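**Student:** Build me a structure from this.
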Amino acid sequence: MPIVNNDNKNQNNLPSNEMEQESIKLPVELPLLPIRDIVVYPYTILPLFVGREKSVRAVDDALSRGRIIFLVTQKSANIDSPSPEQLYRFGTISMIMRLLKLPDGRVKILIQGLMRAELLDYIHTNPYYKVKVRKIPEIQASEINLETEALMRTIRSQLEEVVSLGKSIMPDVVVVANNISDPGRLADLVISNLNLKTDVTQETLETIDPQQRLHKVSELLAKEIDVLNMQHKIQVQAKEEIDKNQREYFLRQQLKAIQHELGDSDERTEEINELKKRIKEAKMPEQAEKEVNKQLKRLSRMHPDAAESGMVHNYIDWLLEIPWSVSTPDNLDIKQAQQVLDEDHYDLKKVKERILEYLAVRKLNKNMKGLILCFVGPPGVGKTSLGKSIARALGRKFIRISLGGVRDEAEIRGHRRTYIGSMPGRIIQGLKQAGSNNPVFMMDEVDKVGADFRGDPSAALLEVLDPEQNSTFSDHYLGVPFDLSQVMFITTANQLDPILPAFRDRMEIIRLAGYTEEEKSHIAKKYLFPRQLKENGIDNKILQISDGALLNVISEYTREAGVRNLERELANICRKVAKQIAEGSPKTFQVTANNLNHYLGAIKYLGEPEKTNDEIGVATGLAWTETGGDIIHVEASIMKGSGKLTLTGHLGEVMKESAKAALSYTRSKSSELGIDEDMYSQKDIHIHVPAGAIPKDGPSAGITLTTALVSTLTKIPVRRDVAMTGEITLRGKVLPIGGLKEKVLAAKRAGIHRILVPFQNKKDMQDIPNNVKRKLEFVFVDNIDDVLNAAMAKPIFHKHKEIPPIVAL
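**Tutor:** Next up, the predicted model:
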């Protein structure tokens, strides 16, 4: 809006003595500044923010040439770089009075309009617009005729009426308008303060004759007065409607009092009485009951049609539907619970033992707190289905939510009631759905919880999963504490690393490793295949599958730690048989290893080709992956060069450091290994781990890298039937590793007979199934010398080192 200030003549719509247009020599070639959403009039002073590069350059040119610039309004305010066709032809020659450079690169200028002008031609358009203009001086009448005087008086009175109807115009504008005697400048002052559309204001700017300009301004003021009168009328009607609603409310209250005296009751009263009855039946804690009664009292005083009435009613409903005192009795028969767990899942001894221990303690101590477990393992090993079995064994309700991708803390704690559409978090919602305060509550994918500007859900879960805090869990929506101490929380994750340490500390971790082929075969025969027969409507007498075919499905059509894909392949077989039955084939079907490809197609996974010979520079390592274990081959070779070490195969930083440690150890043992010291400066060493597109990292490949490297340098082959896992130090010590069970299962699948394991991992052998231990030889190594003696085709250290004992389990 233009600045009007009677205390400073340089900042109002009246011209100052110093700025009279007659006394200023205005050039006809000027830099052009496109402006948006505003039309500048002569004698108007207002600030502008200049940010576009062309506009800033035009301002700079104006400052260097007398501070005179030509202001033209854009036809569309949405265009950032207007072309000449997108600018009006009429504008205002103006002077830059002040300039301030802002930190963000923009420029703030204070300009004063001097004179109308018409754009004749563009001198150039880059790096800014420079134009040739025709000045249009203001027409000065020697004396004002009656019509003009009448128009000026009309405009002044219309302006006062506009202000009285609530139009936002500074009072100083009315004062200045009453003191202006020039008709053209009066029209410019009024139109520039009405905040009308740009095209309307531009049309007035292009009107040169003062009397015609007065006519247009008067018409615009008349239209504005009509709009303001209508707006006032609408506001009065709205106020009358509100008064009417208030009157009706008071009448209803009086009617309610009369009905109460007569012994009658209305629907509203019945609803309030019903809520009071439910509050008594809910058996809430004292704090919650106090809050719900407070809200019920508010509801009874509200108008039924009030917006807040629905929100309060919804809040009361939530408080009443939560199972404050409703719980299901636990099945404390340990033998029956054992039977239920065995019916649903094969093996998983640790988990079953832990649940039975909980039942035993619960039987002795009725007031013990809920259990908080975390099942960690690869996909498809039965983490979620195990939670359902636990609920069935305990006789409790089961609730499951998935936290994968959750980023908003309000998903856990709920939204505050100040927001429209607010509701409790998923914990309270789950309890309401369960209808009891002691369900088995499973939270899947806790390792995939995110965090952003809306908060960290993992931090919110700390209170939920802390036995010392969750007895007073506070949901933002409820605003009163709820006791979660009787809930059995079970979380699942594929990896522990992404889980916050403080979050991990609150849970009891139980690892579920992958299954062996024998275990998968047993699970398929007992659980998966019968379930697929039932789901596809096939009788077990019509379709049968041999043990050989089942083992081939496991080894040749799936490669996973769990059994999810195995069940998909079995479902595929059942669907093909169902199709033949539906087409009228009455015969029975027997799936064997020989005809399996007719149902499942070509083999999907070929096993690692067994080495027929011991090779130089190739060692077999064992790796842990999210889907279980796997084997990797590490290759090393030497060539002429300058002593460089090249590492390829998409290795991570940890594996690269292990390779450098292996090289340093080998160099320190060169004399004992019979390696020429000069070789390291004359040869380049290249270590490669195949399948270069797959990222590889982890602290368990050190001894494999060292073995491959020593084999290359000593020209001694590595035994083809040996696999190994373990990290090394510069002193040659072999450090313990994790995921031993998964790695051992991977070695068995790959046909490995001997496994080198760090000595400190001997304690983990109890986790390895007995049938697997019987088929493999385990060598427990304490240093790299033991590894080399056990892995090489012939011993390296003859005098001082002996091959460590082989333990067949």
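**Student:** so is residue 629 in a helix, a strand, or just coil?
**Tutor:** strand (DSSP: H, G, I helix; E, B strand; the rest coil).
**Student:** and the helix or strand residue 710 falls within, average pLDDT?
**Tutor:** Per DSSP states H and E, residue 710 falls inside helix 702-714. The average pLDDT within helix 702-714 is 92.
**Student:** next helix or strand past it?
**Tutor:** strand 722-724.
**Student:** I'd guessed residue 471 sits against residue 484; true?
**Tutor:** Yes: if you go by C-beta atoms under 8 Å, residue 471 and residue 484 touch, sitting 6.9 Å apart. For every residue, glycine as well, the C-beta is placed using N, CA and C.
**Student:** center of the chain - which residue?
**Tutor:** What sits nearest the mean C-alpha location of the chain, by C-alpha atoms, centre = their mean, is residue 407, with 4.9 Å.
**Student:** Please work out how many residues are found near the closest residue to residue 41 other than its chain neighbours.
**Tutor:** Nearest residue to residue 41, sequence neighbours excluded (C-beta to C-beta, 6 or more residues apart in numbering): residue 188, at 4.2 Å. By other C-beta atoms under 10 Å, the residues close to residue 188 number 27.
**Student:** what's around residue 766, how many residues?
**Tutor:** 8.
**Student:** same question, the one 5 residues further on
**Tutor:** Residue 771 is flanked by 12 other residues according to other C-beta under 10 Å.
**Student:** List the residues that contact it.
**Tutor:** Residues near residue 771 by C-beta atoms under 8 Å, 6 or more residues apart in numbering: 516, 518.
**Student:** which element is residue 497 on?
**Tutor:** Using DSSP H and E, residue 497 sits in no helix or strand.
**Student:** Can you give me the buried ones in stretch 28-38?
**Tutor:** Of the residues in stretch 28-38, 30-35, 38 count as buried by neighbour count, 16 or more other C-beta atoms under 10 Å.
**Student:** Do me a favour and get the backbone dihedrals for the nearest residue in space to residue 699 that is not next to it in sequence.
**Tutor:** In this structure, residue 699 finds its nearest non-sequential neighbour in residue 727, 4.8 Å apart by C-beta to C-beta, 6+ apart. With angles defined as degrees, to the nearest 10, residue 727 sits at phi -100, psi 160.
**Student:** got it, and residue 513?
**Tutor:** According to degrees, to the nearest 10, residue 513 has phi -80, psi 180.
**Student:** Verify the contact between it and residue 743 for me.
**Tutor:** No: counting by C-beta under 8 Å, residue 513 stays clear of residue 743, with 9.9 Å between them.
**Student:** So between those two, which is more surrounded?
**Tutor:** Set residue 513 next to residue 743 and count neighbours by other C-beta under 10 Å: residue 743 wins out with 28 against 23.
**Student:** can I get the CA coordinates of stretch 564-582 in CSV?
**Tutor:** Taking C-alpha atoms only, stretch 564-582 is exported to CSV below (Å, rounded to 0.1, in the frame of the first residue of the first chain):
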residue,chain,number,x,y,z
ARG,A,564,7.9,-68.8,3.1
ASN,A,565,9.0,-69.6,-0.5
LEU,A,566,8.8,-73.3,0.2
GLU,A,567,5.1,-72.9,1.0
ARG,A,568,4.7,-70.9,-2.2
GLU,A,569,6.2,-73.7,-4.3
LEU,A,570,4.0,-76.3,-2.6
ALA,A,571,1.0,-74.0,-3.3
ASN,A,572,2.1,-73.9,-6.9
ILE,A,573,2.0,-77.7,-7.1
CYS,A,574,-1.4,-77.8,-5.5
ARG,A,575,-2.8,-75.2,-7.9
LYS,A,576,-1.6,-77.2,-11.0
VAL,A,577,-3.2,-80.4,-9.6
ALA,A,578,-6.4,-78.5,-8.7
LYS,A,579,-6.6,-77.3,-12.3
GLN,A,580,-6.4,-80.8,-13.7
ILE,A,581,-9.0,-82.0,-11.2
ALA,A,582,-11.3,-79.2,-12.2
